[in-house]
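A.B. asks: Predicted model and sequence below, questions to follow.
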Amino acid sequence: MAKLIRGKRPKASIPTASMSDISFLLLLFFMVSTVFVKEKGLNVILPKANAIEKIPRNHSVTIYVDSRENISIDDLIIPLENVEYMMANKLALDYNSLFCFRTDKSTRYGVMSDVLKQLQQANALRVYFEARLKR
Amino acid sequence: MGFNRKRKAEVEIPTASMSDISFLLLVFFLSTTTFDIKKGLGIVLPAASKEDTQKVKLKQDNLTKILVRADGVVLMNEEEVSYEQLEDRIQKLVRENPDMVISLKTDRDAKYNNMVIALDRIQSAGAEKISLSTN
């Protein structure tokens, strides 16, 4: 009876030579796209809405208003009377500035109305009310 | 007499751990990256009224008044409506009269969240001429 010669199985291996290239590519992507948050702001719970649109980040000035009616711009708690002056300064630096409100949903509207008036006085008219998408 | 020259040891940078380092950095950026996408409801405020500003009177037929009361109840032309009804009714109004201006007024003691919900419904209904009254 003839002896059957078993064929040698080829060794299976995953090529890992390009592993570092792939990881460096991903690393580069994350390094480029990472944005470190500049300001801490105030602790707010945003309202939810459906008709929201994306706010251009590079021209936006964020105004925080919390439920205790504190107003914060650039991590500084400022009195209501100074909002007009600060916004006029922002507008002088960048004419295309957009003004985004990050307001707690339980805040009394009265304070918002006062801040809006200050913005009108400063001629800062392009306003966004930040909200989360309702699901 | 022949001198035996010593062989110079080959100099090389070890790259075996390169992928480990890059993956470590990659994991760091993956876990710390936050995509700062702001979304919200946009509106353009009217300029602050000055003495020399000409005021234009709107026809009553082209104006719909919406009031958000302190208790969160919405009145549309002094008639109480729910937030769901508000969207449908404005949609109908805007379809019939594209020049319709929606004036949204909110009580100072109302919650900011109620104003955002009302504004969201108005924008969802397709209204483009929205006036935000400050009081």
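C.D. replies: Noted; the coordinates are in hand.

A.B. asks: can you pull out the helices in chain B?
C.D. replies: Applying DSSP state H to chain B gives helices spanning B:18-32, B:83-96, B:112-124.

A.B. asks: Distance to chain A and mean neighbour count for the ones you listed - can I get that in a markdown table?
C.D. replies: Backbone N, C-alpha and C define where each C-beta goes, glycine included. Formatted as a markdown table, the helices of chain B follow (distance: least, CB to the nearest CB, whole Å; neighbours: other CB atoms under 10 Å in any protein chain shown):
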| stretch | distance to chain A | mean neighbour count |
| --- | --- | --- |
| helix B:18-32 | 4 | 15 |
| helix B:83-96 | 9 | 16 |
| helix B:112-124 | 4 | 23 |
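
A.B. asks: Run through who's touching stretch B:102-117.
C.D. replies: If you take CB atoms under 8 Å, 6 or more residues apart in numbering or on different chains as the criterion, stretch B:102-117 is touched by A:47, A:49, A:65, A:103-110, A:112-113, A:129, A:131, B:41, B:63-72, B:74, B:83, B:90, B:118-119, B:122, B:127, B:129-133, B:135.

A.B. asks: Lowest-scoring secondary structure element of chain A by mean pLDDT?
C.D. replies: helix A:19-33 (a mean of 82; mean pLDDT, DSSP states H and E).

A.B. asks: Please indicate which of the contacts of stretch B:102-117 are buried?
C.D. replies: A:47, A:49, A:65, A:103-105, A:107-110, A:112-113, A:129, A:131, B:41, B:63-68, B:74, B:90, B:118-119, B:122, B:127, B:130-132 (16 or more other CB atoms under 10 Å in any protein chain shown).

A.B. asks: Mind checking which of the residues you listed land in strands?
C.D. replies: Of the buried ones among the contacts of stretch B:102-117, the ones assigned to strands by DSSP state E are A:49, A:65, A:103, A:129, B:41, B:63-68, B:74, B:130-132.

A.B. asks: of all those, which comes closest to residue A:17?
C.D. replies: residue A:49 (50.3 Å; CB to CB).

A.B. asks: Just list the residues touching the closest one, thanks.
C.D. replies: Counted by CB under 8 Å, 6+ apart, residue A:49 has contacts A:131-134, B:40-41, B:116-117, B:119-120.

A.B. asks: Adding mean pLDDT, write the helices of chain B out as a markdown table.
C.D. replies: What follows is these, written out as a markdown table (pLDDT from 0 to 100):
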| stretch | mean pLDDT |
| --- | --- |
| helix B:18-32 | 83 |
| helix B:83-96 | 89 |
| helix B:112-124 | 92 |
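
A.B. asks: possible to save these as JSON lines with distance to residue B:45?
C.D. replies: As requested, those are arranged in JSON lines below (distance: least, CB to CB, whole Å):
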{"stretch": "helix B:18-32", "distance to residue B:45": "37"}
{"stretch": "helix B:83-96", "distance to residue B:45": "20"}
{"stretch": "helix B:112-124", "distance to residue B:45": "13"}
